[in-house]
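J.: Provided below are the primary sequence and the corresponding predicted coordinates.
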Amino acid sequence: MIAKMQTGKAKQCVILSGKGGTGKTSISASLMHLSSQNISGVYVDADVDAANLALVTAAVPQETHEFSGSKLAVIDPLFCSSCGSCFDVCRYDAIQEPVKEQASYQVIDLLCDGCAACVHACPESAIRMVVQQDGEWYHSISAYGDLFHAELFPAAENTGKLVTTIKQEAVSFAEKHQIPLIIVDGPPGIGCPVISASTGADLALLVAEPGVSGKHDLERIIQTLEHLKIPILICINKYDIYPEGTDAIKRLANSYGYQIIGEIPFDDAIPNAMVQAKPVTEFAPESPASLAIQKICEVILPVLFSDGGNL
Amino acid sequence: MNTIKIAVASGKGGTGKTMVATSLAACLDKYYSVQFLDCDVEAPNAHLFLKPEIDSIQSAEILVPEVDQVACTGCGKCVEVCEFHALAQMGDQILLFPQLCHGCGSCQRVCPVNAIHEIPRKIGNLRSGKVRSGIRFHTGDLTISEPMPTPIIRQLKSRITNETRITILDSPPGASCAVVATIHDADFVILVTEPTPFGLHDLKQMLGVLDQTGSPGGVIINRDGIGDVRVEDYLDQTSCPVMMKIPYQAEIAVGLAKGKILSDFIPQYQSEFLNLYKKILEMIEDKEQVGA
């Protein structure tokens, strides 16, 4: 089997979907479990505002790091002359006018974008930017290898930067320890954290779901990855709940020149495994879902380590 | 009279936000004027269910600087004030990295020789239209490879009119800036979750967001019957009520996959969603009394 580094750089596979809730994390956890039997890997949960991979991979944090980076404006009421310059320049409606006489202008923290326009506009130099802690990131040991994951604080900013941070940590850890594989469980959507999660990936596995929403969002994530020039493989989850929808996904994939590499049936074993905090392939290895994921894993790994020849 | 803003959010993706938002809008539309905003601009899907006739398409834009390199003295002040490193100086040239620019306008304001003016840059589309039943519909979509959804959400929300009785906002997943931009001024937030460990973990994140926005909220448990009871056990210890449960049924999964509205293909949900609205109004009133 493929057991050692081929090019000195770990191969990166990112799991994405566009639409949320299609099964990215359940499939990522299973791929960790299955691939770790042959190839050691480093794993990343890049869905930092709904981080769930640690919940099903028995992850025990070894290190906890503060993540800060965003800034908020703070107005010193002692120096504020209530001229309103800050209010005039703010494009995010984040400055609140004085509620009663002599009160100063105030920043609405939730709406502040951190641009500092008010700081530069204030004639009294009464406003300064204060760095915020946006979350924490962890280096954990999971049942299958080292996991880098994070929790963004509720309502915090800077998701993309946090994703970039934990991915960089994973890449340098893999390099240092000569680990050949990195699996990245990606976030939903197509915006900044998705771009951060995908940058540098050698392969993206897309988890599609039959139905009008799943199809619409699959097309958007395909276009995003093509723009980033990342090779794509597609699987369909819950393919049997709506066969016409599955056919429509296949036609869409074909129209972009992609084959479906696996179809996972609807299977109670998946939520049951989640409740037991295990990947489905470990909890119920003979279940229909597990057998289907096993096949997907058998397709992905050779593609990933073929130096791109087949893509 | 202000419109009543009801946002539908979830933390975890794929829990049924759009199902709840479209059904609630369709049920309320029979009795009230309703406007619907699909704020999930990275993966907007509500139009696939409500099937509006779009009558206006506009670009969603942010203002980015354009530097007049002749007038520019290369002082570098614009580069200094940019918090997002969207401007860089190479010799006496100022370079712009447009996708990093948040459009705050600081560079233009600090330029001592007025060498910067702002030009619009398209990052997506805003579409408005009418659902046959009467709902006024607004949706946005982020252009492929653009990173920032929040400016589109803000522009979409500027289309809310107070003449319409009820505003339904379909939120993106997650618990960060795009969600805050959607729900921060909502009168009520419906949190849709599923009874699994993932659903619970992400619901807790959203309860943390509500602590900060101060909006009252309640939970709908979707796919009831899968998973376990930890979501309900957890909510028992909070002030956030379970307002409705929707069981896991193959019939529902198929209907949604086809793009149908839940309360249309299983009409018993019409009274459930109307009851939900009544409970929401009561909770908004309770909240106002506490505040007063």
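T.: In hand now; what should we look at?
J.: nearest residue to residue A:169 other than its sequence neighbours?
T.: Using C-beta to C-beta, 6 or more residues apart in numbering or on different chains and skipping residues adjacent in sequence, the residue nearest residue A:169 is residue A:148, 5.2 Å away. No exception for glycine: its C-beta is placed from N, CA and C like everyone else's.
J.: Relative to residue B:159, how far out is the one you found?
T.: 41 Å (C-beta to C-beta, to the nearest Å).
J.: okay, those two: which has more neighbours?
T.: Legend: neighbour count by other C-beta atoms under 10 Å in any protein chain shown for residue A:148 and residue B:159, higher for residue A:148 (26 against 16).
J.: Direction included, what does the host helix or strand of that one pair against?
T.: Element membership for residue A:148, per DSSP states H and E: strand A:145-152. Looking at strand A:145-152 with DSSP bridges, its partner strands are strand A:41-45 (parallel), strand A:127-142 (antiparallel).
J.: tell me the SS of the closest residue in space to residue A:139 that isn't next to it in sequence?
T.: Excluding its sequence neighbours, the residue lying closest to residue A:139 (C-beta to C-beta, 6+ apart) is residue A:63, at 4.4 Å. Per DSSP: H, G, I helix; E, B strand; the rest coil, the local secondary structure of residue A:63 is strand.
J.: I'd like the distance between residue A:63 and chain B.
T.: Distance, residue A:63 to chain B, by C-beta to the nearest C-beta, to the nearest Å: 21 Å.
J.: what's the neighbour count on residue A:172?
T.: 11.
J.: Check residue A:78 too.
T.: 8.
J.: contacting residues for it?
T.: residue A:126 (C-beta atoms under 8 Å, 6 or more residues apart in numbering or on different chains).
J.: Ramachandran angles for it?
T.: Residue A:78 adopts backbone torsions of phi -70, psi -30, taken as degrees, to the nearest 10.
J.: quick one: contacts for the residue nearest to residue A:264 when sequence neighbours are not counted?
T.: The spatially closest residue to residue A:264, leaving aside those adjacent along the chain, is residue A:292, at 4.3 Å (C-beta to C-beta, 6+ apart). Counting by C-beta under 8 Å, 6+ apart, residue A:292 touches A:262-265.
J.: Counting only strands, which of the residues you listed make the cut?
T.: Within those, residues falling in strands by DSSP state E are A:262-264.
J.: Throw these into CSV and include pLDDT and distance to residue A:232, thanks.
T.: Formatted as CSV, the ones in strands among the contacts of residue A:292 follow (pLDDT from 0 to 100; distance: C-beta to C-beta, whole Å):
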residue, pLDDT, distance to residue A:232
A:262, 98, 14
A:263, 98, 16
A:264, 98, 17
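J.: quick one: which of these is most hemmed in?
T.: Busiest of the ones in strands among the contacts of residue A:292 [other C-beta under 10 Å] is residue A:264, holding 27 neighbours.
J.: ok, now how distant is it from chain B?
T.: 14 Å.
J.: Bridging across strands, which residues link to that residue?
T.: For residue A:264, the residues forming beta bridges with it (DSSP bridges) are residue A:237.
J.: ok, it - contacts?
T.: A:23, A:27, A:235-239, A:289, A:292-293, A:296.
J.: For residue 80, which residues are in contact?
T.: Picking chain A for this. Contacts of residue A:80 by C-beta under 8 Å, 6+ apart are A:104-105, A:124, A:126.
J.: look at chain B instead
T.: Contacts of residue B:80 (C-beta under 8 Å, 6+ apart): residue B:110.
J.: which of the residues in the helix or strand harbouring it are buried?
T.: Assigned by DSSP H and E, residue B:80 falls within helix B:77-81. Buried positions in helix B:77-81, judged by neighbour count with 16 or more other C-beta atoms under 10 Å in any protein chain shown: B:77-79, B:81.
J.: tell me, which of those make contact with chain A?
T.: residue B:81 (C-beta under 8 Å from any C-beta of the partner chain).
J.: can you count the residues close to the closest residue in space to residue B:211 that isn't next to it in sequence?
T.: Leaving aside its sequence neighbours, residue B:211 sits nearest to residue A:154 (C-beta to C-beta, 6+ apart; 7.4 Å). By other C-beta under 10 Å, 22 other residues sit near residue A:154.
J.: now swap in residue A:53 and tell me
T.: Residue A:53 - counted by other C-beta under 10 Å - has 29 other residues nearby.
J.: In space, what's closest to it - neighbours in sequence excluded?
T.: Using C-beta to C-beta, 6+ apart, the closest residue to residue A:53 is residue A:45 (3.8 Å).
J.: In contact with residue B:26, which residues?
T.: Per C-beta under 8 Å, 6+ apart, neighbours of residue B:26: B:50, B:133, B:135, B:261, B:263-264.
J.: Of these - the most surrounded one?
T.: residue B:50 (26 neighbours).
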